[in-house]
Every structure is written in structure tokens, then in C-alpha cells.
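Asks: A structural model of the following input is requested.
(one chain, ligands or ions: 3)
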Amino acid sequence: MADELLTVAEMGRADRAAMAAGVPGTVLMERAGAAVAAAALARWSPRPVAVLCGPGNNGGDGFVAARLLAERGWPVRLALLGEVGALRGDAAWAASGWTAAPERPVERLETGVLDGAGLVIDALFGAGLSRPLTGPAADLVMEVGRRGLPVLAVDVPSGVRGDDGAVLGCAPRADLTVTFHRRKPAHVLLPGRLLCGEVVLADIGIPDGVVEAIAPRTWENGPRLWGARYPWPRPEGHKYSRGHALVSGGAVMTGAARLAARAALRAGAGLVTIAVPPETVTLYALSLPSAIVLPAPDGAAFEALLDDPRRNAVLLGPGAGAGEALATRVLAALARDRSGVLDADVFTSFAGGLEPLALRLHDRWVLTPHDGEFDRLFGPLPGSRLDRARAAARACGAVVLLKGADTVVAHPDGRATVTTNAPPDLATAGSGDVLAGLIVGLLAQGMDGFDAACAGAWLHGEAGSTVGPGLIAEDLPEALPAVLRRLKAGADA
Ligand SMILES: NC(=O)C1=CN([C@@H]2O[C@H](COP(=O)(O)OP(=O)(O)OC[C@H]3O[C@@H](n4cnc5c(N)ncnc54)[C@H](OP(=O)(O)O)[C@@H]3O)[C@@H](O)[C@H]2O)[C@@H](O)CC1
Ligand SMILES: Nc1ncnc2c1ncn2[C@@H]1O[C@H](COP(=O)(O)OP(=O)(O)O)[C@@H](O)[C@H]1O
Ligand SMILES: [K+]
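Replies: Numbers count the residues shown, from 1 in each chain. Ligands and ions are numbered 1, 2, ... in the order given. Got it, this is the predicted structure:
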């Protein structure tokens, strides 16, 4: 499946470009409806179907699918929101194909149309959803849920907004969603993703060059985006050529930096130094035999460690304790030519204002806030998670990774990805520290900020899925070798 995600506006441009290139809208609609019918035939045994059509082109796709399923002998009932006479353009053409047979009435959109149905095709609203569902459309959607009927959604479950996956009013929980040409953000962002069920992407004959001309800026995260630049060890390499990560460790919450350091090593950093309060050296050293544990009694000692340019990537925040001392270390790291990750307590330390960071950050730095930390640093920004992460990246000049079940990585230049492979088992203490460690380990090996953030988020999700239920954060670095072996074998390309 293609990785690009098109906004509703970009999809509209793709449709228009296809028509300008000589593919009529009716042909696109016939192919869309045929893809819906084919998906129903492939997934379900023949059964009575209720096709719910809306007043626009999403409804048009429904008319086509209804006709094709009826031609295959399925018992089909079709109900329309509004009057047939009010349909326009391609949808009017599609409706005429259904009504051409006198035994195929167009029913009013009332719950009775569901009686006897073994499948619902939801073709009420797609790209054109403009307001919350109310009235008969909302009644039908609620009733479909109450009856527990299987649902095949056309383009998106009606009520789910294409650009951000938000639910306007209500939306059915689909078993299968058939979308066209490219997926939309709603298919990967929550809650939309959870309402789509399985997503089938259908080719409706929009020419190949159209996507290149649109140059979309959003992708589903996966190895196809960054795998070619993954920093695999080279035969002639040695530990000094694989980067040296410097992790700042705290006095009390020592687990966070230890988890991060171990993840950085597993990600392939040649060396990891962990700078810790002197009284904790033994504790850190005993649990991290492969890391270099050095005492850093104060900020000056930490800066002395930073001064060695071989320590090329820095992680600050996990378990550090928020405050002036951490803020000073962050600014010291940013004053040098390094890459790095800012996480956890850093966001609280700069909650008073972004300026000191924004003045010094660049795109070899990655910020990894969860929603609460994000709001603390950037304020409550409007829009979807994609919008907010993009705005934050633009505001601070660094790569922003907004954590969650649908983690977004955004670059200041507007590129963004959504990560979809993370299981809910990752919602456990310390899991974010591992993510930060993975990213700093990749940065140390020379990956750029956007690639390292995307690769780190994806590896984190894969590692989480490999372990599954019962996962604790310590498991994640240990799951990495198997994930990397599969990645290297090209199994996920
Ligand atoms: N373009 C193409 O070539 C192709 C497009 N394709 C298909 O077209 C779909 C997009 O079609 P579309 O643009 O006509 O929008 P659609 O989703 O049918 O809704 C618009 C209508 O719904 C109405 N309406 C909206 N919200 C409402 C609400 N809450 N409650 C009540 N009414 C509401 C809205 O009314 P208005 O806002 O104008 O008042 C308008 O009448 C796309 O998802 C795909 O399935 C495929 O065939 C492939 C080729
Ligand atoms: N429901 C979920 N599904 C998938 N991943 C999740 C979910 N909840 C949290 N995560 C992931 O788990 C990690 C938690 O990080 P964080 O909130 O910083 O926790 P901690 O500070 O305890 O390490 C993030 O990578 C986040 O994306
Ligand atoms: K729909």
C-alpha cells in the first residue's frame, strides 16, 4: 500500500487532474463503486445488503456498488438521504444506473431499510462531510451500531472527517473501509483509524504522475521512508565510527536514563556515556556494563564531557528532574555542534517560554513530548495532531515527535509522518525513555533528525508488538535485535 496520505483538498486536486488528463468523473466513480462491490464480494458470502447513500459523490459510489452487487444476485435495498431529483453530476448519473431497473426502488433513509440486512454499505458522506451528522443520517448510523451489523464504509466511515480522523456527531464502526487512490489522514489518526477497520486502497485509474505533481507532505511511517538510510554497521567500521551518545542521568529517577542508554546501545551507537551524579555511579555502572558511566557532579563537569566532539549526540530529560540545572545543560548542549533528543523534564524546565530553545534548535534535534508535555511547551495549539506537531516544529526549528497511539513526527519544513504500528502495550512507565534512547542512538550514527525520529518511532512500535501483552519497558531494548534482523532482511520494505 502506498505510504503517502492525501488531504481532502489534495485528493480533490488528484480527481481534477485525472479528469483534466481525460479520465471522466463517471469512470472514476464506476471504478470506485466497483472496488466497493469487489471488496464486499471478497469479504462476505452473498447476503442481503442495505446501501445507505448520501446526497453527494460518496452516495454516487454507493449507487454503483448497489447495482453491481444486485447484478451478482445479492438482495440489495438502497436508501437515499434526500431526493433522487436533487442529485447532481456524477452522482445523478450513478443513480440512473440503479433506477434503470424498475424493480430497484430508492427508499427513504429510515431505519426500516436495515431490516433483514446482513451487511451495510455506508455511502452517506466521504470527502464532502461538512458538519456533524444529525437527523435521519445520525439515526441510521446509531441504529446500525445497535443492531451490530457488519459495515463496509465507502472512503471513510460517514461522520469521520478526512483530514484529521475526528468524529463529527457520530460515525459507524466499520469492519472494512474502501478508499481510493491514496489513504487520507483519517485512516491513520485516532479515532478515525479505529473506526475504519481494515482499510483497502483501490486504484481508480488516477494517472501515476498526479501524486508526484501534488507532492504530498504526509506519510504513514515505515521503512520505505528511511530504510535506505538506516546506519547498518559497515565491515570496515569500528566502535568509534558508530557514534558516541551522551546521556544525562538523574539522581533519583535513575531508571529512565538507564533504559534510554540501553536502547541507544541496542540501536547501534558505538559508545554510550552516561553522565550521572557521583553518588549514583555504582548503581548505574552495575546495571549498564556496556555503557561508560562517568560522574558529573555539576553543570561544569557535564560541559567538560560535552566538549569532546566525539560525543556527537546528546539526550537530556529522562529522569533528570525539571529546573534551572537541566535548562542550563540543555542550552550548553545546544551551544555546541551536536545533535540530540530533548524529552520529559526538559519540557517542564522551559514551560515558561520557547524562545531560549527556538533560538538555538535546528533539525538535527528531536523533541519527544507526549500530549501533556507538548501543551506545556507549545501551548494549546489548534487543529489535528498533524497540524499541531507541524506548527510546533515550525515554531522551534527542530523535529517534533508528538507521542501517542498515533505518534506524529513533523519537520520544520512541513514533512510529517504518522506511526501506526504501536500497540497499546507501550503505554507503560519507561517506554518513552526507550524511544528517546533509540532516537539518540540513531542520531549518534549520523541519521538526520527526521529519519532518526521516524525510524525510532517505528522500531519502538515493532519492538512493542514483538513483546505484546505483559510488556514492560525493559523488554523493548531486548526485543530490538529480532526487529532489526527482520528490517535488515527487507521483510518490512
Ligand atoms: N471526486 C471524484 O472524482 C471522486 C470522488 N469519489 C467519491 O466522492 C466522495 C466525495 O464526494 P463529495 O465531494 O460530493 O462529498 P460527499 O462526501 O458525498 O458529501 C457531500 C454532500 O453531503 C452533504 N453533507 C455533508 N455533510 C453533511 C451532514 N453532516 N449532513 C447532511 N449533509 C451533509 C453536502 O451538503 P452541503 O455541505 O453542500 O450542504 C453534500 O451534498 C468521496 O468521498 C468518494 O467517495 C469517488 O467516486 C472517486 C472519484
Ligand atoms: N495507547 C497507546 N498505543 C500505542 N502506543 C502508546 C499508547 N500510549 C502510549 N504509547 C506510547 O508509549 C510511549 C509512552 O511514553 P511516555 O508517555 O513518555 O511514557 P514514560 O514517560 O513513562 O516513558 C510513547 O512512545 C507513546 O507513543
Ligand atoms: K462513507
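
Asks: now the helices for the stretch 351-493 of the chain?
Replies: Secondary structure of the stretch 351-493 of the chain (DSSP state H, counting those that start in this stretch): helices located at 355-358, 371-378, 385-396, 431-444, 449-467, 475-488.

Asks: quick check, the residue in the chain closest to ligand 2?
Replies: Gly432 (2.1 Å; C-beta to the nearest ligand atom). C-beta: built from backbone N, CA, C; applies to glycine.

Asks: among the helices of the stretch 351-493 of the chain, which is nearest ligand 3?
Replies: Ligand 3 lies closest, by C-beta to the ion, to one member of the helices of the stretch 351-493 of the chain: helix 385-396, at 21.2 Å.

Asks: between that closest one and helix 371-378, how big is the angle?
Replies: 30 degrees (axes from the mean of the first three to the mean of the last three C-alpha atoms, to 10 degrees).

Asks: next, the buried residues of helix 385-396.
Replies: Going by neighbour count (16 or more other C-beta atoms under 10 Å), the buried part of helix 385-396 is 385-393, 395-396.

Asks: thinking again about what came up before, pick the most buried one from the helices of the stretch 351-493 of the chain.
Replies: helix 431-444 (a mean of 31; mean count of other C-beta atoms under 10 Å).

Asks: what's the closest non-adjacent residue to Pro231?
Replies: Excluding the flanking residues, the one nearest Pro231 by C-beta to C-beta, 6 or more residues apart in numbering is Gln445, at 3.8 Å.

Asks: neighbours of that neighbour, how many?
Replies: Gln445 has 25 neighbouring residues, counting by other C-beta atoms under 10 Å.

Asks: give the contact list for it.
Replies: Neighbouring residues of Gln445 by C-beta atoms under 8 Å, 6 or more residues apart in numbering: 231, 242-243, 267-270.

Asks: point out the residues in the chain that sit beside ligand 2.
Replies: For the chain, the contact set with ligand 2 under C-beta under 6 Å from any ligand atom comprises 370, 403-405, 407, 422-424, 426-427, 429-433, 435, 460.

Asks: quick check on the residues you listed: which are buried?
Replies: 370, 403-405, 407, 422-423, 426, 430-433, 435, 460.

Asks: got CSV for these, with distance to ligand 1 and pLDDT too?
Replies: Shown next, in CSV, are those (distance: C-beta to the nearest ligand atom, whole Å; pLDDT from 0 to 100):
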residue, distance to ligand 1, pLDDT
His370, 32, 98
Lys403, 31, 98
Gly404, 26, 98
Ala405, 25, 98
Thr407, 27, 98
Ala422, 28, 98
Pro423, 30, 98
Leu426, 33, 98
Gly430, 42, 98
Ser431, 37, 98
Gly432, 36, 98
Asp433, 41, 98
Leu435, 35, 98
His460, 33, 98
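
Asks: between these, which sits nearest Ala213?
Replies: Thr407 (29.0 Å; C-beta to C-beta).

Asks: contacting residues for that closest one?
Replies: Applying C-beta under 8 Å, 6+ apart, the residues contacting Thr407 are 221, 401, 418-419, 422, 457, 461.

Asks: show me the residues you listed that map onto strands.
Replies: 401, 418 (DSSP state E).

Asks: closest to Cys170 out of the contacts of Thr407?
Replies: The closest of the contacts of Thr407 to Cys170 turns out to be Val418 (C-beta to C-beta; 23.7 Å).

Asks: and that closest one, how close does it get to Glu4?
Replies: According to C-beta to C-beta, to the nearest Å, Val418 stands 11 Å off from Glu4.

Asks: burial count for the residue of the stretch 301-450 of the chain found nearest ligand 1?
Replies: Ligand 1 sits closest to Ser384 of the stretch 301-450 of the chain, with a gap of 18.3 Å, by C-beta to the nearest ligand atom. Using other C-beta under 10 Å, Ser384 has 18 other residues around it.

Asks: for Pro207, give me the pLDDT.
Replies: Predicted confidence (pLDDT) at Pro207: the value is 89.

Asks: dump the helices of the stretch 351-493 of the chain to TSV, plus distance to Leu133.
Replies: Below are the helices of the stretch 351-493 of the chain laid out as TSV (distance: least, C-beta to C-beta, whole Å):
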stretch	distance to Leu133
helix 355-358	41
helix 371-378	27
helix 385-396	23
helix 431-444	36
helix 449-467	32
helix 475-488	40
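
Asks: of those, which approaches Asp175 most closely?
Replies: Among the helices of the stretch 351-493 of the chain, the nearest to Asp175 by C-beta to C-beta is helix 449-467 (21.8 Å).

Asks: distance between the closest one and the chain's centre?
Replies: 12 Å (C-alpha atoms, centre = their mean, to the nearest Å).

Asks: which residues are in contact with the closest residue to ligand 1 within the stretch 201-350 of the chain?
Replies: Per C-beta to the nearest ligand atom, Ile204 is where the stretch 201-350 of the chain lies closest to ligand 1, at 5.6 Å. By C-beta under 8 Å, 6+ apart, the residues touching Ile204 are 28, 31-32, 35, 180-181.

Asks: just among those residues, which is most surrounded?
Replies: When neighbours are taken as other C-beta under 10 Å, the top entry among the contacts of Ile204 is Ala32 (30 neighbours).

Asks: verify the stated contact: that one with Leu68.
Replies: No. With contact defined as C-beta atoms under 8 Å, Ala32 does not count as touching Leu68 (11.2 Å).
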